[in-house]
Structure formats: structure tokens, C-alpha cells
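> turn this into a structure:
(one chain, ligands or ions: 1)
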Amino acid sequence: MSKHTFKKDFLWGASTSAYQVEGAYNLDGKGLSIQDVKDIPDGISDFKVCSDHYHKFKEDIKLFSELGLKGYRFSIAWTRIFPNGEGEINEKGILFYHNLIDELVKHHITPIVTIYHFDLPYELEKKGGWSNRSTIDAFLNYCKVLFERFGDRVKHWVTINEQNMMILHSGAIGTSVNSQKELYQQNHHLFLAAARATNLCHQLIPDAKIGPAPNISYIYPKTCNPNDIIAAQTCNAIRNWLYLDMAVHGRYNNIAWDFMKKKKIEPAILVGDMEIISSAKPDYIAFNYYSSITVKAYGENIILDDTGDQQIEVGEEGFFMGDDNEYLELSDFGWEIDPLGFRVTLREVSDRYHLPIIITENGIGAYDKVNLDGSIEDDYRIDYLSRHIEQLKLAVSDGVDVIGYCPWSAIDLISTHQGFKKRYGFIYVNREDNQLKDLKRIKKKSFYWYQKVISSNGKEL
Ligand code: BGP
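Prediction:
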């Protein structure tokens with residue numbers, strides 16, 4: 001096999017998440033999640049209808065099959081299975097995912113299931129959410145049901161989507177708490193939850209694979225001034241390696257721990273916690289990549305504002321500050337576009353952890369326009385994705401073991417905090433933030449392009 005080709009069984013896929021695509025927020029017994037009750041700024045859609053995938057999943061999967069997807073990464077809404085997060089199982093919720101998974105299998109599409117993607121049950125949130133250790137037990141009970149009911153057909157699992165973004169950009173994600181100290185306590189509980197879920201998966205479905213899915217962006221220093229290098233190392237530690245060191249090695253990254261200690265925000269760790277965390281061994285690392293990030297040393301007397309999001313790093317007082325990278329262009333929504341950074345990040349993750357990698361998100365949010373003839377010419381998306389896949393190929397030639405690539409998103413859906421106008425899909429959904437219209441599906445130019453990428457196993461970009 002030439003080093004520049006993808007494996008024969010490479011999982012060409014695409015991603016979505018339940019609360020961003022399904023809609024039907026209160027149907028068939030579903031309970032409310034924190035995403036259903038969060039404050040939504042004017043002019044931005046709520047999550048009640050989304051792309052109505054709940055009712056249109058058969059039509060959507062037919063399109064995914066036409067696209068040639070080998071894998072579909074989606075998440076299960078905890079509140080469809082347990083409306084209150086715990087207690088009685090909602091069989092109608094189980095049935096929905098049975099049908100969804102069966103439909104995928106019928107079309108020879110491998111289901112890749114994220115157990116938890118930002119949508120904590122609101123009833124659990126009211127009891128303290130992830131700050132309350134009993135949420136870990138509720139999560140495990142939810143996982144057990146998923147593994148028992150779907151484990152015969154689902155062999156690819158992802159524990160928690162972007163735990164690092166829930167901690168670092170909780171405002172943008174809609175998971176805010178009062179203090180940074182509380183966030184890092186939640187973080188510890190999430191690590192425990194992920195570790196126990198990993199072990200339970202291995203116990204209940206011995207032939208399944210499972211791993212974490214943080215958002216990993218390699219951090220560049222602004223200059224070769226050693227102060228900037230230290231700043232970048234610290235940012236890498238608290239944004240990236242903290243999460244992967246815990247998932248893979250079961251230990252707190254020392255630079256990240258020192259950061260927490262200096263800020264007096266280190267979590268309380270109970271006897272036995274670290275043994276549980278270090279006993280869990282993921283089979284792969286799933287990660288989401290959108291862009292690199294650049295930081296510099298923290299300047300004196302500078303007050304940082306709170307305007308960051310997943311790809312816009314503001315900084316940490318006393319440690320580092322985000323800066324722009326003049327070598328990179330920006331997307332419509334101000335995220336830097338860095339395909340080479342993708343290779344850099346892949347090399348680094350592979351070098352540090354020596355595990356197979358599956359990319360669970362990568363893509364560009366843009367204002368797509370429907371032309372008068374009904375076509376959607378999203379050349380910027382083709383450009384973004386083809387340049388990233390090119391770098392993925394180079395990473396494979398570097399020896400990185402990549403087993404799959406699932407861009408965000410299979411179909412248009414609602415962004416975490418910027419509404420429906422920020423579109424990512426290969427398939428357009430005819431609606432706006434304030435107007436539902438007919439929700440018709442339209443194949444974008446990128447749909448036909450990705451179809452060729454998949455059928456040529458990445459040769460034709
Ligand atoms: C990731 C999330 C996704 C998704 C994506 C794009 O952080 O896992 O849920 O939304 O980013 O981000 P956004 O929707 O903010 O544009």
C-alpha cells in the first residue's frame with residue numbers, strides 16, 4: 001500500500017449531534033435538556049425544530065447513502081432515553097434510535113455513536129448537574145442502557161463530545177456555572193464518567209471500540225520569544241493535553257495541574273478516583289479539529305474579556321493571551337483556517353499517544369446561498385475540506401494511524417451559539433433562523449464533490 005493512500009476500510013463519514021439536528025424537543029416523552037432551556041439571543045433559532053431529522057431521518061439517511069457515507073457519527077439525546085436523566089426508561093426514545101440505527105445498517109453505513117454531546121438533562125442540572133457526583137451514576141446507568149440495547153449493532157462509541165469546550169467555553173456551549181473552580185470540579189467528574197463508561201463498554205460489548213472526543217487545536221506561540229513558547233505550552237496543556245493525558249494515561253497533566261493550583265481551582269479528588277480513571281483504556285482517540293490557535297505571553301495590566309468560543313482563544317489571566325495568526329485567512333465567522341495546522345495537530349496527537357485516530361469533526365461554517373436555479377455553490381467548503389483532507393493524507397504518510405474522517409456536518413443544523421445561518425452541511429435545509437419554511441433538503445455542490453472523494457477513497461480531491 002502506498003503511504004499516501006487511506007486504508008481500504010477507511011471510515012469516510014459525517015457528523016451531527018442530537019440537539020442540533022433532531023428537533024422534536026418535547027415529543028414522544030422526551031424530557032428537556034439544558035440546551036432546550038438556555039437563553040437564546042434575539043434573531044437566533046432555538047433548538048425546538050432544528051432540521052427536523054427526528055421526522056425525516058429516513059429521507060436523510062437515503063441521502064447519506066447516496067453521498068456514499070461509510071459512517072455516520074450522531075449523538076443520542078439522553079433525555080429521549082431518560083426524560084429526567086434517571087428513573088424510568090422512555091421506550092419511545094429507544095425505538096427512535098433502534099429505527100435510526102436499523103436504517104443506517106440497511107444502507108451499510110456504520111453507526112458511530114456519541115453518548116453525550118452537550119445536552120445534559122435539565123432535571124439533573126436542577127440537582128447540581130455535573131457538580132453533583134450522583135450525575136456520574138445517572139450517566140453510567142444511561143450508558144448501560146445504550147450498550148445493552150444498541151450494542152449488537154453499534155461497535156463504535158464516543159464517550160463525551162468536547163469536554164474541554166464545556167469547561168473552557170461554557171458560555172458559548174450553554175453549560176455555564178458560577179465559578180472556574182466549580183467548572184474544574186465538573187471536569188473531574190466528567191473524567192470519571194468517561195472512564196467508567198469506557199470500562200463498561202468493554203465489559204458489555206467486548207468487540208466494540210470506544211474513545212473520547214475533545215476539540216484539539218495545536219497551539220502556536222506568536223513568536224519565538226521564549227516567553228511566548230511557555231505561554232503556548234501552558235495553553236496546549238490546559239486546552240489539549242489535560243484531556244488526552246487523562247483519557248489515555250489516567251493522570252493529570254502536570255502543567256495543567258500547576259495552572260489549577262496557582263489559580264486555586266484544582267478539583268477535590270476522592271480516594272479511588274485516579275485508580276478508576278487510569279483503569280480505562282480507550283481504543284482510539286476521536287477528536288474534532290477546526291483550526292489552530294495562536295497565543296503569546298500575558299501582558300501586564302491587561303484585562304481579558306469573555307468573547308471567546310471553541311476556536312477563538314481569549315486567554316487566561318497571568319498565563320497567556322490569544323492572538324491572531326497573520327499567515328491565516330478567516331472564515332465568515334472569524335475562525336482561522338489552517339489546513340497545515342491539521343497535520344501538525346495529527347502528528348502531535350499521534351506522537352504523544354500512539355493510538356488510532358478518528359476525526360469526528362472538521363468543517364467550515366458559512367452563509368450558504370441558494371441560486372435562482374436551486375443550486376448551492378459552496379466552493380469555499382470544498383476548498384476548506386479538500387485542503388484539510390490533503391493534509392490528512394500527508395499525516396498518514398507521516399505514519400499517523402487515521403481510521404476515519406467525519407466532517408461537520410452531514411446536513412445543515414443549528415450552530416452551538418450562532419444559529420441556523422452558520423451552515424456546515426453537505427445537504428442544505430430550507431429554513432432560516434426565524435422562519436421554518438418547508439425544511440426541504442437540497443444537495444450542495446460539496447455533496448457531489450464529497451461523493452467523489454469517498455468513491456475514490458480520497459484520491460480525487
Ligand atoms: C464543535 C461542536 C459541535 C459544532 C461545531 C461547530 O465545537 O462539537 O456541536 O457545533 O463545533 O461549532 P459552532 O456550531 O459553534 O459553529
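> against Asn457, how distant is the closest residue to the ligand within the stretch 101-250 of the chain?
At 4.7 Å from the ligand, Glu162 is the closest residue in the stretch 101-250 of the chain, using CB to the nearest ligand atom. C-betas here are computed from N, CA, C, even on glycine. Plainly put, Glu162 is 29 Å away from Asn457 if you go by CB to CB, to the nearest Å.
> ok, the closest residue to Phe287 other than its chain neighbours - contacts?
Leaving aside its chain neighbours, Phe287 sits nearest to Ile216 (4.3 Å; criterion: CB to CB, 6 or more residues apart in numbering). Taking CB atoms under 8 Å, 6 or more residues apart in numbering, we find Ile216 in contact with Asn240, Tyr243, Leu244, Phe287, Asn288, Tyr289, Thr345, Val349.
> next step: those restricted to helices.
Within those, residues falling in helices by DSSP state H are Tyr243, Leu244, Thr345, Val349.
> pull out the buried positions in the host helix or strand of Phe96.
Applying DSSP states H and E as the criterion places Phe96 in helix 91-106. Within helix 91-106, the residues scored as buried using 16 or more other CB atoms under 10 Å are Gly93, Ile94, Phe96, Tyr97, Leu100, Ile101, Glu103, Leu104.
> pLDDT and distance to Val370 added to these, as TSV?
Shown next, in TSV, are those (pLDDT from 0 to 100; distance: CB to CB, whole Å):
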residue	pLDDT	distance to Val370
Gly93	98	34
Ile94	98	37
Phe96	98	30
Tyr97	98	32
Leu100	98	28
Ile101	98	32
Glu103	98	27
Leu104	98	28
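> make a markdown table out of those residues and add distance to the ligand.
Listed next are the buried residues of helix 91-106 as a markdown table, based on distance: CB to the nearest ligand atom, whole Å:
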| residue | distance to the ligand |
| --- | --- |
| Gly93 | 20 |
| Ile94 | 24 |
| Phe96 | 20 |
| Tyr97 | 19 |
| Leu100 | 18 |
| Ile101 | 21 |
| Glu103 | 22 |
| Leu104 | 20 |
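> just the pLDDT for the residue of the stretch 1-150 of the chain at minimum distance from the ligand.
Closest approach between the stretch 1-150 of the chain and the ligand, counting by CB to the nearest ligand atom: Ser17, at 5.0 Å. Ser17 is assigned a pLDDT of 98 by the prediction.
> now swap in His4 and tell me
64.
> what residues does the stretch 251-400 of the chain have near the ligand?
The stretch 251-400 of the chain comes close to the ligand at residues Asn288, Gln310, Glu361, Gly365, as judged by CB under 6 Å from any ligand atom.
> am I right that Asp306 is in contact with Ile312?
No: contact criterion CB atoms under 8 Å: Asp306 and Ile312 do not qualify, at 10.9 Å.
> same drill for those two, tell me which one is more crowded.
Ile312 (17 against 8; other CB atoms under 10 Å).
> so how far is Tyr220 from the more buried one?
Distance from Ile312 to Tyr220, by CB to CB: 15 Å.
> just Asn325 next, same as before
Remark: distance between Asn325 and Tyr220 (CB to CB) = 7 Å.
> mind listing the shared neighbours of those two?
Residues within reach of Asn325 and of Tyr220 at once, by CB under 8 Å, 6+ apart, are Ser292, Thr294.
> so if I had to pick from those two, which one is more boxed in?
When neighbours are counted by other CB under 10 Å, Asn325 and Tyr220 differ, and Tyr220 comes out ahead with 23 against 16.
> is the more buried one bridged to anything, and to what?
The partner list for Tyr220 in beta bridges (DSSP bridges) reads Thr294.
> contacting residues for it?
Contacts of Tyr220 by CB under 8 Å, 6+ apart are Ala232, Ser292, Ile293, Thr294, Val295, Asn325, Gly341.
> please indicate which of the residues you listed are buried?
The neighbour-count test (16+ other CB under 10 Å) applied to these identifies Ala232, Ser292, Ile293, Thr294, Val295, Asn325, Gly341 as buried.
> redo those residues as a markdown table? Include pLDDT.
Converted to a markdown table, those look like this (pLDDT from 0 to 100):
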| residue | pLDDT |
| --- | --- |
| Ala232 | 98 |
| Ser292 | 98 |
| Ile293 | 98 |
| Thr294 | 98 |
| Val295 | 98 |
| Asn325 | 98 |
| Gly341 | 98 |
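> tell me which residue lies nearest the centroid of this protein.
A centroid search over the chain (CA atoms, centre = their mean) returns Asn161, at 4.5 Å, as the residue closest to the centre.
> which residues in the stretch 151-300 of the chain form strands?
Counting by DSSP state E, counting those that start in this stretch, the stretch 151-300 of the chain has strands at residues 156-161, 209-213, 219-221, 285-288, 293-297.
> will you turn these into JSON lines that also has distance to Phe191?
Formatted as JSON lines, the strands of the stretch 151-300 of the chain follow (distance: least, CB to CB, whole Å):
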{"stretch": "strand 156-161", "distance to Phe191": "9"}
{"stretch": "strand 209-213", "distance to Phe191": "9"}
{"stretch": "strand 219-221", "distance to Phe191": "21"}
{"stretch": "strand 285-288", "distance to Phe191": "15"}
{"stretch": "strand 293-297", "distance to Phe191": "22"}
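> which of the buried ones among the contacts of Tyr220 sits closest to Lys70?
Distances from Lys70 to the buried ones among the contacts of Tyr220, taken as CB to CB, are shortest for Gly341 (25.8 Å).
> what sits against that closest one?
Ser217, Tyr218, Tyr220, Tyr289, Ser291, Ser292.
> now for those residues: which two are most distant?
Farthest apart among these - using CB to CB - are Tyr220 and Tyr289, which lie 14.1 Å from each other.
> and the longest helix for this structure?
helix 180-204.
> thought Gly419 was touching Asp46?
No: contact between Gly419 and Asp46 fails when scored by CB under 8 Å: they sit 9.4 Å apart.
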